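**Student:** The following comprises the amino acid sequence and a computationally predicted model.
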Amino acid sequence: MKPIKVGLLGLGTVGGGTANVLARNAAEIARRAGREIRVTHAATRDLNPDVNTDGIDVCDDAFAVVNNPDIDIIVELIGGYDPARQLVLQAIENGKHVVTANKALIAMHGNEIFEAAQKKGVMVAFEAGVAGGIPIIKALREGLAANQIEWLAGIINGTGNFILTEMRDKGRDFEDVLAEAQALGYAEADPTFDVEGIDAAHKLTILASIAFGVPLQFDKTYTEGISKISREDMNYAEQLGYRIKHLGVARKTDKGIELRVHPTLIPERRLIANVDGVMNAVLVQGDAVGPTLYYGAGAGAEPTASAVIADIIDVARTMTVDPDNRVPHLAFQPNELSDTPILPMDQIETAYYLRMQALDRPGVLAEVTQILGEQGISIEAMIQKEPAEGKSIASIIMLTQRVVEHQMNEAIRRIESLDVIDGDVTRIRLEQLDK
Ligand code: HSE
């Protein structure tokens, strides 16, 4: 069979890894794909000498690669919105299949891109966009196709998980760990995407669409970062049997879909609580299969290349299949996507960790618990730390049962307005991840 000709856009961390793995494993990959997969062209502005470019025509004009009539599959590994969007749309217009690792692009412009691809009868594959080397798109879209997905929860940003792990295990500073993640090539070009949860929200948006069969709606995903997580809260969480992880949660409820990224306490006995460093994991609850857990490297050159190349092989195998019989981009047939609403954050339901500083005097705790009771909030566990020597402010730490967020917002507002409470109440959401 004729070789499949691939054009690579970008030879950075992931592009370089893809070229190297394709070259190193060429024979094994051809045995799987049934034909040779050959990178014939690549576009980059900055050629890294560690990348194997033997036999590749390297230029600095990505549009020239996209417009080259000899190329079958365009692999977009530039990242960002522009010019990635124009390049992908141009490739589709030219009748080429596209493989991308660009989660920001898919989360923001995926609806437009998939519609264009559908019209042209080409595939746009994006496994590498979510959780690096973990085949979570494949699992959700195909392996779990029998199920109604009830919820999923994932550690889907390697940089953020690396930072939280190092802070907890080694007491390192936030900034110091972030710099190391950047040097290792894990972090996004703009690292606020990692630490403020935007990257995880891109990925969660994609996972939720595939899980529930709804259009991509990044603008409705709630996003809260990890930059305010303190060692103090990590320590109290551990004393209570929990770990703090930066979690993406998508849950289908009777009222709509919850779509939220935020720091979360999870019981330390859960497998996912023990996913550390740059590793990612996604826990998926299906009505038939129950819970399933997917674990692996969420970032880095070759783990991400692993997913990119799996997509290239998938496309190579199915390019001759009638477009109507391929796996739909968002797992559900395009005309079967539903308009189930995404719930505003004050409508979601979860449990909470609260920490407050209170004057150490009789009746303070009663005032706080009265407010919680009036808001219909049950306390699950509590710690009170005596004031440091010579001080009169005590720390109170509470875990609550599940409650709708607007009730908790009101309770926190009322607690913060008490004279006996000093400063803001720290609130971290808590998920048991058991049903
Ligand atoms: N910046 C991302 C992360 C890279 O740290 O997970 C992989 O998407």
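**Tutor:** Great, that's in hand. What you are looking at is a predicted structure, and each value in this text was computed from that prediction instead of being measured.

**Student:** quick one: contacts for the nearest residue to Ile393 once chain neighbours are set aside?
**Tutor:** Spatial nearest neighbour of Ile393, excluding adjacent residues (Cβ to Cβ, 6 or more residues apart in numbering): Gln357 at 4.9 Å. Glycine gets a C-beta too; all of them are placed from N, C-alpha and C. Contacts for Gln357 (Cβ atoms under 8 Å, 6 or more residues apart in numbering) come out as Ile393, Ala394, Ser395, Ile396, Ile421, Asp422, Gly423.

**Student:** This protein against the ligand: which residues are in contact?
**Tutor:** Counting by Cβ under 6 Å from any ligand atom, the chain comes close to the ligand at Gly132, Asn157, Gly158, Thr159, Tyr186, Ala187, Glu188, Asp194, Asp199, Gly298, Ala299.

**Student:** Export the residues you listed as TSV, with columns for neighbour count, secondary structure and pLDDT.
**Tutor:** Below are the residues of the chain next to the ligand laid out as TSV (neighbours: other Cβ atoms under 10 Å; DSSP: H, G, I helix; E, B strand; the rest coil; pLDDT from 0 to 100):
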residue	neighbour count	secondary structure	pLDDT
Gly132	29	coil	95
Asn157	35	coil	96
Gly158	26	helix	94
Thr159	27	helix	93
Tyr186	27	coil	86
Ala187	25	coil	88
Glu188	21	coil	88
Asp194	27	helix	95
Asp199	28	helix	97
Gly298	32	coil	94
Ala299	27	coil	91
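
**Student:** Distance check, the residue of the stretch 251-400 of the chain found nearest the ligand against Arg355.
**Tutor:** Nearest residue of the stretch 251-400 of the chain to the ligand (Cβ to the nearest ligand atom) works out as Ala299 at 3.7 Å. Distance, Ala299 to Arg355, by Cβ to Cβ, to the nearest Å: 31 Å.

**Student:** Over to Asp324?
**Tutor:** In terms of Cβ to Cβ, Asp324 sits 55 Å off from Arg355.

**Student:** Over to Glu142?
**Tutor:** Counting by Cβ to Cβ, the gap from Glu142 to Arg355 is 43 Å.

**Student:** the more surrounded of these two?
**Tutor:** A direct count of neighbours by other Cβ atoms under 10 Å for Glu142 and Arg355 places Arg355 higher, at 20 against 11.

**Student:** Find out how far the helix or strand containing Gln182 is from the centre of the chain, if you would.
**Tutor:** According to DSSP states H and E, Gln182 maps onto helix 174-183. Put simply, helix 174-183 sits 19 Å off its chain's centre (Cα atoms, centre = their mean, to the nearest Å).

**Student:** List the buried residues of it.
**Tutor:** For helix 174-183, the buried set under the neighbour-count rule, 16 or more other Cβ atoms under 10 Å, comprises Phe174, Val177, Leu178, Ala181.

**Student:** Quick check, the first one in contact with Ile163.
**Tutor:** Think Phe174. Yes - between Phe174 and Ile163 there is a contact under Cβ atoms under 8 Å: 6.2 Å.

**Student:** what do these two both touch?
**Tutor:** Between them, Phe174 and Ile163 share the contacting residues Val195, judged by Cβ under 8 Å, 6+ apart.
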